[in-house]
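> Prediction below, plus the sequence it came from.
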Amino acid sequence: MIQLLLFAFFTGCIYVCYQLTFPKQWREVKVFSGPPTVPLLGTLIPSSQLDVTKKVEEWSRAYGSPFLAKLGPSYLLIVSKAEQIEPILKGTTNLAKGGSYRFVERWLGKGLLTSTNEQWRHQRKLLTPTFHYKILQDFLHIMNEQSAVLVERLREHVKSQAGEPQPFDLCPYITLCALDIICETSMGKRINAQSSPTSPYVQGILEFTEVATYRATHPWTWSDYIFENFSVMGRRFRQSLNTMHQFTKDVIKDREAAREANGATGKNDEPATEEIRKKRALMDFLLEMKQKGDFSSQEVREQVDTFMFEGHDTTASGIEWSCYLFGRNPDIQLRLQEEIDSVLGSDRSDFPTADQLNEMKYLECCIKESQRMYPPVPYIERTIIDEPVDIGDGRIIPVGTTVGISIQMVQRDADHFPEPDKFDPDRFIAENCVGRHPFAFCPFSAGPRNCIGQKFAMMEEKTILCHLLRNFTFESVQDEALMQDTMSYMFVLRPTKGVWVKLTPR
Ligand code: HEM
């Protein structure tokens, strides 16, 4: 009994302190309605990630955009209209992220994704030229080679099935291919994830997003100290983190030693030959910056880890959802295969060039439509720290508010995309885009803090899909209702039951 009274007393004290600290902010934000809250707990937390996804959609329909939700002692405004996200994302102020990103900082530190203010501006300015299309073209051969490995693995799988094609889950194949590509392009290191998926580094990466997502929605895991020292999941997580950090540090050391041996000074950025140029990884550009004094060793590691985190799950998710949709829409798939065959000709052994990929306009429309319906990054957060934001309907979002932007709901808004649940790639033919709200389609976010890797991602998605469609015809066996019911979103939109397809070699 005495313990219960003490507990009630302390929680009461915390509640009063909280109300005294934030009363003004609370009054201002109360112009937005939302689901009922329980003191201290806030809006009752659904039990699983899938429930969170469904609840957010349900509340958005019931309370409109934005609606106010409370998670533990903090509150969130969830926005789902293009017109309202525009003033939040487009300005050069209010570029800080929300609290959920804290859970990925254990791996990424203050890299480009998680840094704020001047630190972010400095990093973005330095890194933008690294993602120039000309540099990215040098990565195409890696994307092609790893796609060929993927095709070979799938052929072997299909061969191992006797008789009629049997459905199987495509996701593990795609994820490992994307991981191989990002590792080789970021670090210049082959990890052969497709042939050795059990390496501790690969396992650590595969587990990381899962644990980070779990923590973001379960407040009792929010203390790093308690989570990592007193739970089995937390201890395993810390071990994986150590492995991942050590791996990147070792690669940096080796790469630096190789640069020194080659006499690279960082003063002359131009490599001697085309062959050397093609072997450069994103890390080499960062090491050049380090030699010029722009980055420390730790910052190089944080940026490389950021590319690893942002650059594999996202593209894998985009490709998986595309395959699912192509497998449900045979007419669209056939049109795509005709386009690919007409650009590449009948020789299936040739790799597509950058110009040929550019010619595949219908493939691009299909990828965009898939990213609209199933955005790989379905939800992002901003904290309004610099100045209040006028969302255009007479309401103001006050300073101090964390805003959750549901890209998923923005892109399924019937005001901008009639019949939003229909897969219709023609929406992205140039003349059909005229007059569309500029923020209605934003899979890579928008404004100054948009995705720095979007050209990389489009090139990778196009390359892998081109290889797949050239060699196989897909048939999806799951229906739309099941996919909608079982997808989960936090950092990346996942088909939690996988993408089950039957593959027929062409
Ligand atoms: C289909 C694939 C991808 C999608 C849909 C995607 C989407 C996004 C989105 C929505 C953001 C904004 C996040 C936020 O505001 O919280 C973002 C940021 C970022 N992305 Fe991507 N991304 C993809 C692939 C990539 C790739 C391949 C890389 C790197 C190789 C990358 C690197 C980054 C980085 C570094 C940021 C932080 C940018 C900043 O804050 O300045 N992304 N991405």
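Thanks, I have it. Numbers count the residues shown, from 1 in each chain.

> Alongside the ligand, which residues does the stretch 351-500 of the chain contribute?
Residues of the stretch 351-500 of the chain lying near the ligand by Cβ under 6 Å from any ligand atom: 376-377, 380, 443-445, 449, 451-453, 456-457. (Each C-beta comes from the backbone N, C-alpha and C, glycine too.)

> if you set the cut-off to 8 Å instead, what comes out?
371, 375-377, 380-382, 407, 442-445, 448-454, 456-458, 460-461 (Cβ under 8 Å from any ligand atom).

> Show the buried residues in those.
Neighbour-count burial (16 or more other Cβ atoms under 10 Å) applied to those gives 371, 375-377, 380-382, 407, 442-445, 449, 451-453, 456-458, 460-461.

> Now, those that are in strands?
380-382 (DSSP state E).

> neighbours around Ile464, how many?
Counted with other Cβ atoms under 10 Å, residues neighbouring Ile464 total 26.

> Likewise for Met233?
Met233, neighbours per other Cβ under 10 Å, totals 15.

> for the nearest residue to it once chain neighbours are set aside, helix, strand, or coil?
Residue nearest to Met233 in three dimensions, not counting chain neighbours: Val211, with 6.5 Å by Cβ to Cβ, 6 or more residues apart in numbering. Secondary structure assignment for Val211 (DSSP: H, G, I helix; E, B strand; the rest coil): helix.

> Could you shift the numbering so residue one becomes 15, and keep it that way?
From this message on, residue numbering opens at 15, which makes the last subject Val225.

> From the ligand, how far out is Val225?
Noted for Val225: a distance of 19 Å to the ligand, by Cβ to the nearest ligand atom, to the nearest Å.

> wouldn't that residue be in contact with Arg249 here?
No: judged on Cβ atoms under 8 Å, Val225 makes no contact with Arg249 at a distance of 11.4 Å.

> Check which helix or strand Lys516 maps to.
strand 514-519 (DSSP states H and E).

> what are the bridge partners for Leu517, then?
Residues in a beta bridge with Leu517, per DSSP bridges, are Phe488.

> Assumed Ile92 was part of a strand.
Yes: the assignment for Ile92 is a strand, going by three-state DSSP.

> Spit out the contact partners of Thr328.
390-391, 471, 506 (Cβ atoms under 8 Å, 6 or more residues apart in numbering).

> again with Asn485
Counting by Cβ under 8 Å, 6+ apart, Asn485 has contacts 165, 168-169, 362, 519-520.

> Among these, name the buried ones.
Using 16+ other Cβ under 10 Å, the buried members of the contacts of Asn485 are 165, 168.

> Any chance of CSV for the contacts of Asn485, columns distance to the ligand and pLDDT?
Formatted as CSV, these follow (distance: Cβ to the nearest ligand atom, whole Å; pLDDT from 0 to 100):
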residue, distance to the ligand, pLDDT
Val165, 20, 97
Leu168, 21, 96
Arg169, 26, 94
Arg362, 26, 73
Pro519, 27, 93
Arg520, 26, 90
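
> ok, which pair from the contacts of Asn485 is furthest apart?
The largest distance within those, taken as Cβ to Cβ, falls between Leu168 and Arg362 and amounts to 13.7 Å.

> Pretty sure His146 is one of the things Phe470 touches, is it not?
No: Phe470 is not in contact with His146 according to Cβ under 8 Å; the separation is 10.5 Å.

> Strands of the stretch 315-464 of the chain, residue ranges please.
Ranges of strands in the stretch 315-464 of the chain, per DSSP state E, counting those that start in this stretch, are 393-397, 403-404, 410-411, 416-420.

> which secondary element of the protein has the worst mean pLDDT?
Scoring the helices and strands of the chain by mean pLDDT, DSSP states H and E places helix 288-292 at the bottom, with a mean of 63.

> Packing partners of the helix or strand just after that helix?
Heading C-terminal from helix 288-292, the first helix or strand you meet, by DSSP H and E, is helix 296-305. Applying 3 or more Cβ pairs under 8 Å, 6 or more residues apart in numbering; DSSP states H and E, we find helix 296-305 packed against helix 185-201, helix 246-275, helix 311-342.

> 10 Å instead, please
For helix 296-305, the packing partners by 3 or more Cβ pairs under 10 Å, 6 or more residues apart in numbering; DSSP states H and E come out as helix 131-141, helix 147-151, helix 185-201, helix 246-275, helix 311-342.

> Out of these, which gets nearest to Thr415?
Of the helices and strands packed on helix 296-305, nearest to Thr415 by Cβ to Cβ is helix 131-141, at 17.6 Å.

> Need the contact partners of the closest one.
Here helix 131-141 makes contact (Cβ atoms under 10 Å, 6 or more residues apart in numbering) with 106, 109-111, 124-129, 296, 299-300, 303, 306, 308-309, 313, 316-317, 320-321, 399-400, 462-463, 466-467.

> No further questions, thank you.
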